[in-house]
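**Student:** predicted model and sequence follow; I will ask about them next.
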Amino acid sequence: MEKMNELKNLDVSALEQKAKALKQELFNLKLSKLTGQVKDTSQYKKLRVAVAQTLTVLKDKQEAAPSSKSHA
């Protein structure tokens, strides 16, 4: 899991890929739970927080990009 400062240094495409990968990992964790293979249930919260942080930084960058172009 990356810290917010590390996420802010990534570009939009990298953030989109990271969010997609985290969502896939969360999905796989849910499938593992169905088969009884999950022992550390705290992973759910950690992954959900990581997805939310990534999407927040992504949204901020996407909102900032059009406004910086309009001022140029």
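**Tutor:** Here it is on my side, so go on. Numbering: from 1, shown residues only.

**Student:** which parts of the longest helix seen in the chain are buried?
**Tutor:** Scanning the chain for the helix with the most residues, using DSSP state H, yields helix 42-70. Buried residues in helix 42-70, counted by 16 or more other C-beta atoms under 10 Å: L47, A50, V51, Q53, T54, L55, V57, L58. Yep, even glycine has a C-beta here, placed from its N, CA and C like the rest.

**Student:** what about the fourth one, distance to G36?
**Tutor:** Note on Q53: its distance to G36, by C-beta to C-beta, to the nearest Å, is 29 Å.

**Student:** next, the contact list for the nearest residue to L15 once chain neighbours are set aside, please.
**Tutor:** Nearest non-adjacent residue to L15, counting by C-beta to C-beta, 6 or more residues apart in numbering: L58, 4.2 Å away. By C-beta atoms under 8 Å, 6 or more residues apart in numbering, the contact set of L58 is V12, L15, E16, A19.

**Student:** what's the closest non-adjacent residue to the last one?
**Tutor:** For A19, ignoring the flanking residues on the chain, the nearest one in space by C-beta to C-beta, 6+ apart is T54 at 4.6 Å.
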